[in-house]
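sequence first, predicted model second:
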Amino acid sequence: MKQLTFEIKTNEQIAKNVYRMQLCGDTTGILPGQFVNIRVEGQFLRRPISVCNIADGILTIIYKVVGVGTEAMSRLPIGTQLDVLTVLGNGYDLSKAGDKPLLVGGGVGVPPMYMLARQLREIGKNVRVILGFNTKDEVFYEEEFRALGCDVTVTTVDGSHGVKGFVTNALDGKQSYYYTCGPLPMIKALIQAAGTNGEVSMEERMGCGFGACMGCTIQTTQGPKRVCKEGPVFPAEILIL
């Protein structure tokens, strides 16, 4: 864990209630699947946000406005200095990907898939990506994944964009391994339908974000695990959902 100062370079809306923020600072050591914890002025708890990408000293995060803290983040101007805890949690294991990894992101579970997809493409993997949303107004990063050379399918619950239904409606069973992040119902359905092993990034409310408070503990077949410390990425087979 590092406590660092980052400067906001961009902070823009990219979909319904969804914002992308780019921060300039020390990005050393951050891996796909890890997260940062941002102090927001006037809020007691920091806001844990998944890392979307790291490039040329720029940290990109994507967040959804769901409460007072993230609403305050959306109003922060360019040039604002932020107190950020970085290199938090455990990331995805790229060595398990096989030849045809599948990446599945649902809603704000999409961002950590991007950096993972980029790194898998850089080592020559044939990456298939499924992005799940409720409606077309919520869709983001479809073209960014395509630009990486990924095979991309978008699903929307109401059928307003891409395949109608859930991410499981787009499965073809041809993946060598899967990586996912998203809402719990999606994760449960994917684990049941995938037919292969995979890794899951769990979303839980966090207090400290670095393992001290135990507030984000979940149950696994290996005993209690802290999402912020032993996770957020876990092997799917150890999860009790």
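Structure's in. What do you need?

okay, CA-based contacts and neighbour counts for the rest of this
Noted.

buried ones in the strand ranked longest in the chain, by neighbour count?
Counting by DSSP state E, the longest strand found in the chain is strand 2-15. Of all the residues in strand 2-15, those buried under the rule 16 or more other CA atoms under 10 Å are Thr5, Phe6, Glu7, Ile8, Lys9, Thr10, Asn11, Glu12.

so what's the closest residue to Gly165 other than its chain neighbours up against?
Leaving out its chain neighbours, the residue that sits closest to Gly165 by CA to CA, 6 or more residues apart in numbering is Val157, at 4.4 Å. Val157 makes contacts with Gly132, Phe133, Asn134, Thr135, Lys164, Gly165, Phe166, as judged by CA atoms under 8 Å, 6 or more residues apart in numbering.

domain ranges for this protein?
2-88, 94-201 (automatic domain parsing).

mean pLDDT and distance to Gln219 for those - can I get that in CSV?
Listed next are the domains of the chain as CSV, based on pLDDT from 0 to 100; distance: least, CA to CA, whole Å:
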stretch, mean pLDDT, distance to Gln219
domain 2-88, 96, 20
domain 94-201, 97, 14
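
nearest to Pro232 among those would be which one?
Nearest to Pro232, of all the domains of the chain, is domain 94-201, at 5.0 Å by CA to CA.

endpoints of that closest one, how far apart?
14 Å (CA to CA, to the nearest Å).

phi, psi for the spatially most central residue of the chain please.
Residue closest to the average C-alpha location in the chain (CA atoms, centre = their mean): Pro112, at 3.0 Å. Dihedral pair for Pro112: phi -70, psi -20, per degrees, to the nearest 10.

over to the one 3 residues further on?
When quoted as degrees, to the nearest 10, the phi and psi of Met115 stand at phi -60, psi -40.

secondary structure element for the residue lying farthest from the centre of the chain?
In the chain, the residue that sits farthest from the middle, by CA atoms, centre = their mean, is Gly42; the gap is 25.5 Å. Here Gly42 sits in a region with no helix or strand, counting by DSSP states H and E.

quick one, what contacts it?
No residues are in contact with Gly42 under the rule CA under 8 Å, 6+ apart.

Leu241 too?
Lys188.

what does Gly215 give?
Applying CA under 8 Å, 6+ apart, one finds that Gly215 lies in contact with Arg205, Met206, Gly207, Arg226.

again, only this time at 6 Å
Residues near Gly215 by CA atoms under 6 Å, 6 or more residues apart in numbering: Gly207.

can you confirm it is in a strand?
No: secondary structure of Gly215 (DSSP: H, G, I helix; E, B strand; the rest coil): coil, not part of a strand.

circling back to that earlier point, pick out the most distant pair among the contacts of Val157.
Greatest spacing in those, by CA to CA: Thr135 and Phe166 (11.1 Å).
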